[in-house]
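Asker: Could you look at this predicted model? Sequence included:
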Amino acid sequence: MKAIFQFMADTINGAERAILDFLSAIVPYAVPFIPAYLTYFHTQDQMDFPWQVAGSAAFVVEVLGITAVSTAIRFYRYNMKYTASQNKAPFALAIFTYVFYLVIVLSVNVILELVANTRSGWVIFSIGLFSLLSVPSGILISIRTQFSEMLEDRTNRGTLRGKLLRTYAAQSAQLDQLQGAQPAQGFTGQRAQKERKICACGCGQTFAGRADKLYVDNTHRMRHQRAKN
């Protein structure tokens, strides 16, 4: 019985996380519909624009706001990472674009209401807050996207590091095999393996050399030849 309840709890918790991730991904894109509708209404009702133009204005203004917020955050993170002046991204221009968006939204949805004077102050204030909903929406979209990119970069770095480690291990094992193998015969048929021997000149000095080497060096060889002559 305990295992059954544990299985149900794990299933519900997993579904809860999946639903929350789904809503977190969808809702920020749906939030701008509210300020877009306000822009559409005021553009058509109080500025006498055709509905096609009013709809286009509502769409492009909200897309401008989300893009401006996302670009500003991306440029800020880039400038924090690369501090050299020649690598700076135009963060100030992104902020200017976002401020310009705020001026447009507040002018169309709030100032026109003040001019019409058909609603109370608190209603106009609430309309202004609804008009700014794209601010948190754009921030959420931007930080979620950049966090996904950070996780992807970390995964790619881990994969690359694993490949490098596996390559290094394979090369090390190959090198160990080569070092542990018996040396091959040389072109003259002599063994390449060095042996400890006594110099043939009679000095009594020992050295490591191939089978065909009789002296420590040329000096000992010439000394021996002079002694024999």
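Answerer: In hand now; what should we look at? Numbering: from 1, shown residues only.
Asker: contacts, neighbours, all on C-alpha from now
Answerer: Noted.
Asker: ok, Ala68 - contacts?
Answerer: Residues counted as contacts of Ala68 (C-alpha atoms under 8 Å, 6 or more residues apart in numbering) are Ala94, Ile95, Thr97, Tyr98.
Asker: farthest-separated two in those?
Answerer: With C-alpha to C-alpha as the measure, no two of the contacts of Ala68 lie farther apart than Ala94 and Tyr98, at 6.3 Å.
Asker: residues bridging contact with the two, i.e. touching both?
Answerer: Common neighbours of Ala94 and Tyr98, counting by C-alpha under 8 Å, 6+ apart, are Ala68, Val69.
Asker: which residues in the chain form helices?
Answerer: 2-30, 33-45, 51-81, 91-106, 112-116, 121-131, 134-180, 218-228 (DSSP state H).
Asker: Arg196 is nearest to which of those?
Answerer: helix 218-228 (16.4 Å).
Asker: can you list the domains in this structure?
Answerer: 30-154, 195-228 (automatic domain parsing).
Asker: Alpha carbons of stretch 81-96, as PDB, please.
Answerer: Presented in PDB, the C-alpha positions along stretch 81-96 are these (Å, rounded to 0.1, in the frame of the first residue of the first chain):
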ATOM      1  CA  LYS A  81      31.000  39.200 -19.200                       C
ATOM      2  CA  TYR A  82      33.100  41.200 -21.600                       C
ATOM      3  CA  THR A  83      34.300  44.300 -19.800                       C
ATOM      4  CA  ALA A  84      36.700  45.600 -22.500                       C
ATOM      5  CA  SER A  85      35.400  48.800 -24.100                       C
ATOM      6  CA  GLN A  86      35.800  47.600 -27.700                       C
ATOM      7  CA  ASN A  87      33.600  44.600 -26.900                       C
ATOM      8  CA  LYS A  88      30.700  46.600 -25.400                       C
ATOM      9  CA  ALA A  89      27.200  46.000 -26.700                       C
ATOM     10  CA  PRO A  90      25.000  49.100 -27.200                       C
ATOM     11  CA  PHE A  91      23.100  48.600 -24.000                       C
ATOM     12  CA  ALA A  92      22.100  52.300 -23.900                       C
ATOM     13  CA  LEU A  93      20.400  52.100 -27.300                       C
ATOM     14  CA  ALA A  94      18.300  49.100 -26.100                       C
ATOM     15  CA  ILE A  95      17.200  51.100 -23.000                       C
ATOM     16  CA  PHE A  96      16.300  54.100 -25.200                       C
END
